[in-house]
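In: Sharing a model prediction with you, sequence too.
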Amino acid sequence: MISLRNVEKFYEAGATKNYVLRRINLDVAEGEFISVMGPSGSGKSTLLHVIGMHDTAWGGEYFLDGQPVHKLGKKERAELRNKTIGFVFQSYHLLDHLTVYENLEIPLSYRDTAKRERQSVVADALDRFHIVGKKDLYPTQLSGGQQQLVGVARALIASPKLLLADEPTGNLHSSQGKEIMELFKRLNDEGTTIIQVTHSEQNATYGSRIVKLEDGWIVNN
Amino acid sequence: MGTIWQDLRYGFRMLWKSPGFTTVALLALALGIGANTAIFSVVNAVLLRPLPYRDPERLTLVWWSAPKLSLDQFPASAPDFVDWKTRSGVFERVAAFKGASFNLTGGNEPERVQSAAVSADLFPMLGVQPRLGRAFADEEEQPGHEKVALVSDGLWQRRFGANPGLVGQQVALNGESYTVVGVLPPNFNFPEGDTKIDLWVPLSFDPKEMSQRGSRSLIVAASLKPGVTREQAGVGMNLLAKRMAEEYPATNADWGIQVQPLTEAITEDQRPALLILFAAVGFVLAVACANVANLHLVRAATRHKEVAVRVALGASRLRLVRQFLTESVLLAGVGGVLGLLLAVWGVDALKAVLPSDVPRLEEIGVDASALGFTLLVSLSVGVLLGLAPALQRTRPDVAEVLKEGSQSVAGGLRRNRVRAALVIAEVALALMLLTGAGLMLRSFWQLREVSLGLDPENVLTMKLTLPAQKYEDASRQTAFSEQLLQRVMTMSGVASAAITTSLPLSDTSMTDFVVEGHLRQEDVEDQIGAYSSISTDYFRALRIPVIRGRAFNEQDTEKSAPVVIISETLARAYFGDEDPVGRRIKTGDGDEEGGEAKAEGKGENKDKNNAGDEEQEQGKGGADEHPWMTIVGVVGDVHRFGLDEKLKPEIYFPYRQQPGTEMALVVRAASNPSGMTAAVRREVRAVDAEQPVYDIETMSQLLSESIATRRLSVVLLAVFAALALVLAAVGIYGVVSYSVAQRTHEIGVRMALGAQGRDVLRLVVGQGMILVCVGLLLGIGASLAVMHTMSSLLFGVSATDPATFACVSVLLAVIALLACYIPARRAAKVDPMVALRYE
């Protein structure tokens, strides 16, 4: 599903180049659940954002679902991303002034989904994640675990094939973290490909493979 | 005291540390306060400051009014004046005056001097003492008394080299010797009007004038007795008017009396335009304040941590409020000082461009009142600006704010609502200003489309007043004019030249008239018309088209049958499609003639002189003062009173048949005539070496001056509206920019969730434009409610003109869209990586 070839990213600091990612070669098959690990500053989040196409300033080749991302223009990348990828953030990044329902609806509105269809999809999601009772609450009225649950529901609302999660349990206490990881496992079992960045060895065990990064290099694959 | 100093020092430092905020805020405040101070200086000098006379609140002008004849503020006759003076009971002093002008000779160059004939009571009434010599004595009002004059300070300096020995000396006025009895103080100019008065002579009435009760030409000023109000004076004078109507029914029936405050009389023409301008700058200041208040709120929002720390360290709420207020008052104070500097410059600029007919022009300046006004405005603005953030920001949740790593909470919903309300107010105010300016601009545009009725290009005009003593009889007046025209016509570059006794856009001579076979018109405006005596080439010189019949010619002499030419408006009103050529018309004492016409129907009536009301004008002479005159032609209408005035009937007499001492020379040149003045002046001197010319202007200048006040109002209003527009645009930009900065993270999330540039653009622009649309709607509503106050300043356009409203709304919306678009574009370029980096 994903094929990265010699992907590199660096920042220029005067005459020198500070590499964040170096010659990354990575293949991810459909249905895999990969955990990316490594010390702080090793390039984990950067790699996730390159795969998520939020970061565009990198070199090398990147194929997603057979499409050469490195050759695509901005618009095509956005289309491919919207069709294929969902994102879960460590700090949930729910929009504070929108209700749970509206937060779930937002990604669909960016995909030009008709209102009636949006209503039905959001209703399904609320049901599936058991948060119907919370639909009119604002994020600040939810616990951290509930917020991340909404964050995951939001990431999956447009039925992406690939779920990217950046420290999804980083702000949660252990029982909430466990619930989220079990949810990820279920989703993976149902066919969603997942790449998560994590510091937790325990969370990594939920995945099928671990990719370790150090100083921008993949040290095991 | 020490803590205030500390607050001040801290305030200065805060302003210094935020140069962007400080510059924008100071600029907005300086422009707002400066424009207000400048216009206040004008309004104060012209409208508010008491007149420089004794007890100015007791000074009034007293007028006749005849509502049935649609006549308002009509002057009085000599016998009326005497009756008012002796029988009123409500006035302490009553004085009369009328305009005059004299040829001052005896120096190198004869000079036309604008003068006034005034009652001896005038100067004591005004409380004005001459700087040299004395005012008039009562006996000097008597006919036959030695002729005396008072001169202005300006004339004394200019003409007599400020010679302190001038008092007691003789000067030659219209060829007669007058003794100068005094020099009036600098800046004394009474009566206030278009022209500066340089000479005053006593007003005296001979028996003939005292018998002409229907000849109303005196303006009467009076000071109320102490304790008598203007209303009481009005009641008392109207009782007198009733008694006079019974005593003199032929001349005084249906006439009432108006008592008008002198201040109002002097300023009433300028009052609407000045008040509109004052309101306009008030709006500009309001927009500027809303702008700065917004910036203030934004800035205060970034200081929540500082405030929390201060509270944690023990600052009381009062102290915090004082800190915020000190900063805002400091800001407004500095803005006020800059505004004052701008105002000083602005007032000089305004004085240079204000039309000369603005009363008390020389008194306009940034004085103590203006300083006080600026101080008051600055302080009020400072307190207003500081109040909202001071009250909002001085109750922080210290524990929450000071939590380690807490995110900046840049504004809750309520605070955002305050900022949104400020933007809405800015847009609404800017729209109102733009609408006002738009309506004025359209009026001006419409006015420029009006045809004057003559061709003003390449026409030089100048005035001459022949001294009555020297040119007593009609033949001498005619001889002078013909000699002059002959000489001017031979000058190179002159295409044609003519004489008129009443120059369009400059002079006003009105008469009532009766058309043979027509009853009096119901509409009194149709039986009063402008008149002038003209030489034969007048229509050719001014290119006024002769529509029917003929122009005057050499056969129209004092000995031939009296003839007239009428204007198209008069012809249409009385003759419709019929040809008026050959029909007859007469001018004269309206009431008597009208009565005759009504009584006798078609034109068999004979003229009778109204007993005692003998003809004053020379040249009409003979037993038949108001003869029937045959219409020999119809000419195109001329907007002689100004492009914005309704066309009035107009009657032209041949100069030879009705000559006069007051005349204007019009010279059509082949090209720009401004260089011909000296040559024409030489020709005048060649005919009469002692004859001065004055008011030398091209017809184009006269036209330009006639719309000068309107043009200035348009320009000033447009400048203020543009200022408001820019300030509003900056305000919208500021709020949207701030919102974008505040929401960078949210926008990043949205983009991470799939939003594209256009989605973000739509989001940001949409939210900004909602505020703009609400502001536009409120502005339109408010404009519809208040624009009628501008009606008197508009021409050819309604105060609710949909096209103007639509245009200014679209203009404002487009500018606002741009102001939203720039930050929105920045928002659309938010890099989700950067926005989400710090998790």
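Out: Good, I have the coordinates.

In: which stretches of chain A form helices?
Out: Shown for chain A, the helices assigned by DSSP state H span residues A:44-51, A:74-84, A:100-109, A:115-128, A:144-156, A:174-189, A:201-204.

In: Which positions within stretch B:23-41 qualify as buried?
Out: By neighbour count, with 16 or more other C-beta atoms under 10 Å in any protein chain shown as the criterion, the buried positions of stretch B:23-41 are B:24-41. Bear in mind the C-beta positions are built from the backbone N, C-alpha and C, glycine included.

In: Also stretch B:325-333?
Out: Residues of stretch B:325-333 classed as buried by neighbour count (16+ other C-beta under 10 Å): B:Leu325, B:Thr326, B:Glu327, B:Ser328, B:Val329, B:Leu330, B:Leu331, B:Ala332, B:Gly333.

In: B:Val201 is nearest to which of the helices of chain A?
Out: For the helices of chain A, proximity to B:Val201 was assessed by C-beta to C-beta; helix A:100-109 is nearest, at 87.5 Å.

In: got the contact list for stretch B:804-817?
Out: Contacts made with stretch B:804-817 from outside it, assessed by C-beta atoms under 8 Å, 6 or more residues apart in numbering or on different chains, are listed as B:427, B:430-431, B:434-435, B:437-439, B:442, B:725, B:728-729, B:732, B:765, B:768-769, B:772-773, B:776, B:779-780, B:783, B:797.

In: quick one: which of those residues sit in helices?
Out: The members of the contacts of stretch B:804-817 that map onto helices under DSSP H are B:427, B:430-431, B:434-435, B:437-439, B:442, B:725, B:728-729, B:732, B:765, B:768-769, B:772-773, B:776, B:779-780, B:783.

In: ok, which of these also contact chain A?
Out: With the criterion set as C-beta under 8 Å from any C-beta of the partner chain, no member of the ones in helices among the contacts of stretch B:804-817 is near chain A.

In: filter these to the buried ones?
Out: B:427, B:430-431, B:434-435, B:437-439, B:442, B:725, B:728-729, B:732, B:765, B:768-769, B:772, B:776, B:779-780, B:783.

In: Quick one: low-confidence residue ranges for the chain.
Out: Unless you meant another one, I'm taking chain A. A:221 (pLDDT under 70).

In: To clarify, I was referring to chain B.
Out: Flagging of chain B using pLDDT under 70 yields the residue ranges B:1-3, B:108, B:193-194, B:309, B:312-314, B:393-415, B:519-526, B:588-625, B:837-839.

In: Next to chain A in this structure, residues from it, please.
Out: For chain B, the residues in contact with chain A (C-beta under 8 Å from any C-beta) are B:413, B:745-746, B:749-756, B:759, B:831-833, B:836-837, B:839.

In: hmm, back to that, which stretch among the helices of chain A comes nearest B:Ala120?
Out: Between B:Ala120 and those, the shortest separation by C-beta to C-beta is 87.7 Å, and it involves helix A:100-109.

In: tilt between that closest one and helix A:115-128?
Out: Between the direction of helix A:100-109 and that of helix A:115-128, the angle (axes from the mean of the first three to the mean of the last three C-alpha atoms, to 10 degrees) works out to 130 degrees.

In: what does helix A:100-109 rub up against?
Out: Outside helix A:100-109, the residues that reach it (C-beta under 8 Å, 6+ apart) are A:82, A:86, A:94-95, A:98, A:117-118, A:121-122, A:125-126, A:131, A:134-139, A:142, A:150, A:153-154, A:157-158, B:750, B:753-755.

In: Please check those and keep the buried ones.
Out: A:82, A:86, A:94-95, A:118, A:121-122, A:125-126, A:131, A:134-135, A:138-139, A:142, A:150, A:153-154, A:157-158, B:750, B:753-755.

In: mind checking how far the one residue sitting closest to the centre of chain B is from chain A?
Out: Centrality entry for chain B: nearest residue to the mean C-alpha point is B:Gln270, 3.7 Å, by C-alpha atoms, centre = their mean. Using C-beta to the nearest C-beta, to the nearest Å, B:Gln270 is found at 53 Å from chain A.

In: That residue against B:Leu361, yeah?
Out: No. Here B:Gln270 does not reach B:Leu361: they are 10.1 Å apart, not a contact under C-beta atoms under 8 Å.

In: returning to what we had before: among the residues of chain B next to chain A, name the buried ones.
Out: For the residues of chain B next to chain A, burial is judged from neighbour counts taken by 16+ other C-beta under 10 Å, and it is met by B:745-746, B:749-756, B:759, B:831-833, B:836.

In: measure the spatially most central residue of chain A to B:Pro50 for me?
Out: Note on chain A: the residue nearest the mean C-alpha position is A:Leu164, at 1.9 Å, using C-alpha atoms, centre = their mean. Taking C-beta to C-beta, to the nearest Å as the criterion, A:Leu164 is separated from B:Pro50 by 80 Å.

In: Next: A:Asp55.
Out: Here the distance between A:Asp55 and B:Pro50 works out to 75 Å (C-beta to C-beta).

In: what about these two, which has more around it?
Out: A:Asp55 (20 against 10; other C-beta atoms under 10 Å in any protein chain shown).

In: hang on, the more buried one packs against A:Lys9?
Out: Yes. A contact is recorded between A:Asp55 and A:Lys9 when judged using C-beta under 8 Å, the distance being 7.1 Å.

In: joint contacts of those two?
Out: Going by C-beta under 8 Å, 6+ apart, residues that sit against A:Asp55 and also against A:Lys9 are A:Thr46.

In: Next, the contact list for B:Leu784, please.
Out: B:Leu784 makes contact with B:Thr800 under the criterion C-beta under 8 Å, 6+ apart.

In: Look at B:Pro691 and give its secondary structure.
Out: Rather than Pro, residue B:691 is Gln. coil (DSSP: H, G, I helix; E, B strand; the rest coil).

In: Can you get me a residue count around the spatially closest residue to B:Leu51 that is not a sequence neighbour?
Out: Excluding the flanking residues, the one nearest B:Leu51 by C-beta to C-beta, 6 or more residues apart in numbering or on different chains is B:Thr263, at 5.8 Å. Residue neighbour count, defined by other C-beta under 10 Å, stands at 20 for B:Thr263.

In: after the host helix or strand of B:Thr263 comes which helix or strand?
Out: B:Thr263 belongs to helix B:262-267 when assigned by DSSP states H and E. Elements were assigned by DSSP H and E; along the chain past helix B:262-267, the next helix or strand is helix B:271-301.

In: how about the helix or strand just after that following helix: buried residues?
Out: Elements were assigned by DSSP H and E; along the chain past helix B:271-301, the next helix or strand is helix B:304-312. In terms of neighbour count (16+ other C-beta under 10 Å), helix B:304-312 has its buried residues at B:His304, B:Glu306, B:Val307, B:Ala308, B:Arg310, B:Val311.

In: same check, this time on stretch B:491-505
Out: Judged by neighbour count (16+ other C-beta under 10 Å), stretch B:491-505 contains these buried residues: B:Val494, B:Ala495, B:Ser496, B:Ala497, B:Ala498, B:Ile499, B:Thr500, B:Thr501, B:Ser502, B:Leu503, B:Pro504, B:Leu505.
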